[in-house]
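Asks: Sharing a model that was predicted from the sequence below.
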Amino acid sequence: MWYTSGEKKALDFIKNMNKYNKRLGYHALMTPHMMVHTCPWCSTGEIERNCIQSQGTIYCAPPVKSALTGNEALRLGLTEICIYNVYKEKNETQKWWDYMDAAYDCQASRFSQECTGRAMMAAKIDLPKIQICLLNEADIMRSEHTLWQNSGIVYNPAIVINNHVYRVFSVLSNLL
């Protein structure tokens, strides 16, 4: 599943897919990926608002209709990827779904540490483990950027099922 945090279509898809994910259990693997690109030509203002500069590379979120800045979307995306990765190791990926459900309002409106903190508490997320993961932000963004480039994904949001790319709104209309 490829998306940008704060993108309403993606958030609605994730919220609606949670009930299907619970039913599918271990029969399907839903792996979140954040869409991120590099921007060596961006102006200082664009970088401050829409990007994160990490280890000499400028990573930016693709433009979407959102109340969030690109920087906020990337910060949320990094947190979401870390939550998924930490709990995937324990076969507890439902924690990611629980967090996404609890964080829906944080993602759809204005990003704040307080809001995401409440969502983590509601989903019983181990904050120190996520903070340790976030120390690797450059590695995470580099990896997500490379995966995105190699995937051929052009839609935001999109999912890949059995190596076929689907636009999220077409999948949602079939599920609902």
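Replies: Sure, I can see it.

Asks: Would you map the helices across the chain?
Replies: Here the chain has its helices, by DSSP state H, at 8-24, 44-50, 70-88, 94-102, 104-108, 113-122, 127-134, 137-151, 168-175.

Asks: Could you tell me the least trusted of these?
Replies: Comparing mean pLDDT across the helices of the chain, the weakest is helix 168-175, with a mean of 52.

Asks: for the residue nearest the centre of the chain, what are its contacts?
Replies: In the chain, the centroid-proximal residue (C-alpha atoms, centre = their mean) is residue 77; its distance is 3.8 Å. Counting by C-beta atoms under 8 Å, 6 or more residues apart in numbering, residue 77 makes contact with 4-5, 34, 36, 61, 144. (Each C-beta comes from the backbone N, C-alpha and C, glycine too.)

Asks: buried stuff in stretch 45-61?
Replies: Neighbour counts over stretch 45-61 (16 or more other C-beta atoms under 10 Å) mark 47, 50-52, 54, 58-61 as buried.

Asks: Stretch 84-91 too?
Replies: By 16+ other C-beta under 10 Å, the buried positions in stretch 84-91 come out as 84-87.

Asks: and what of stretch 125-143?
Replies: By neighbour count with 16+ other C-beta under 10 Å, stretch 125-143 contains the buried residues 125, 129-130, 133, 136-137, 140-142.
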